[in-house]
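>>> Got a predicted model here, sequence first, then my questions.
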Amino acid sequence: MAVQSPSFPVPNAFELLCTQYAGRLPARLDDLAGPAHGTVDLPLHVVWSGRRSYGLEQPRSRMSLYRTVLAEGQRQDLIDFLNRDLLLAQWPVLRTLISRPIRDVWEAAFPELTSMRAATAA
């Protein structure tokens, strides 16, 4: 039995993920009003198992928090838990630790992230 190809284009997984992540983006990086110090406890809808509490003073903990929120958070979670200045400072390393769809969507929406990467490389 032969399987017929659909007559309409089927988006691939990468495109679907990019669309999903783009729909969660804040309007501006300045909207990211999360804390810059202290401890952040994520709600269950963002992290449903494992570690939920992150210390912003420890670089590895902070990086783990940002990776988790970027991947699993909804728009309001991004606004509430991410801090613009911390995101910009961490982006050159953080971008290598997140998935390509997340990285591509964020860098396309916010060119200042790619300028941070270029400034760090120089």
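Nice, I can see it.
>>> quick one: the spatially most central residue of the chain from Leu32, how far?
Residue closest to the mean C-alpha point of the chain, counted by CA atoms, centre = their mean, is Leu70 at 2.5 Å. Per CB to CB, to the nearest Å, Leu70 is found 11 Å from Leu32. Any C-beta I mention is one placed from the backbone N, CA and C, and that applies to glycine too.
>>> shared neighbours of the two, which are they?
Leu78, Leu82 (CB atoms under 8 Å, 6 or more residues apart in numbering).
>>> residue contacts, the residue nearest to the centre of the chain?
Leu70 neighbours (CB under 8 Å, 6+ apart): Leu78, Leu82, Leu94, Ile98, Ile102, Trp106.
>>> Next, the buried residues of the longest helix anywhere in the chain.
Using DSSP state H, we find that the single longest helix of the chain is helix 59-72. Neighbour-count burial for helix 59-72, counted by 16 or more other CB atoms under 10 Å, picks out Ser61, Arg62, Met63, Ser64, Leu65, Tyr66, Arg67, Thr68, Val69, Leu70.
>>> circling back: going through the contacts of Leu70, which ones are buried?
Using 16+ other CB under 10 Å, the buried members of these are Leu78, Leu82, Leu94, Ile98, Ile102, Trp106.
>>> Now render the buried residues of helix 59-72 as a markdown table, adding pLDDT and distance to Leu16.
Shown next, in a markdown table, are these (pLDDT from 0 to 100; distance: CB to CB, whole Å):
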| residue | pLDDT | distance to Leu16 |
| --- | --- | --- |
| Ser61 | 97 | 31 |
| Arg62 | 97 | 29 |
| Met63 | 97 | 26 |
| Ser64 | 97 | 26 |
| Leu65 | 97 | 26 |
| Tyr66 | 98 | 23 |
| Arg67 | 97 | 20 |
| Thr68 | 97 | 21 |
| Val69 | 98 | 20 |
| Leu70 | 98 | 17 |
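>>> Redo those residues as TSV? Include distance to Pro26.
Below are the buried residues of helix 59-72 laid out as TSV (distance: CB to CB, whole Å):
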residue	distance to Pro26
Ser61	23
Arg62	19
Met63	20
Ser64	21
Leu65	17
Tyr66	14
Arg67	17
Thr68	17
Val69	12
Leu70	12
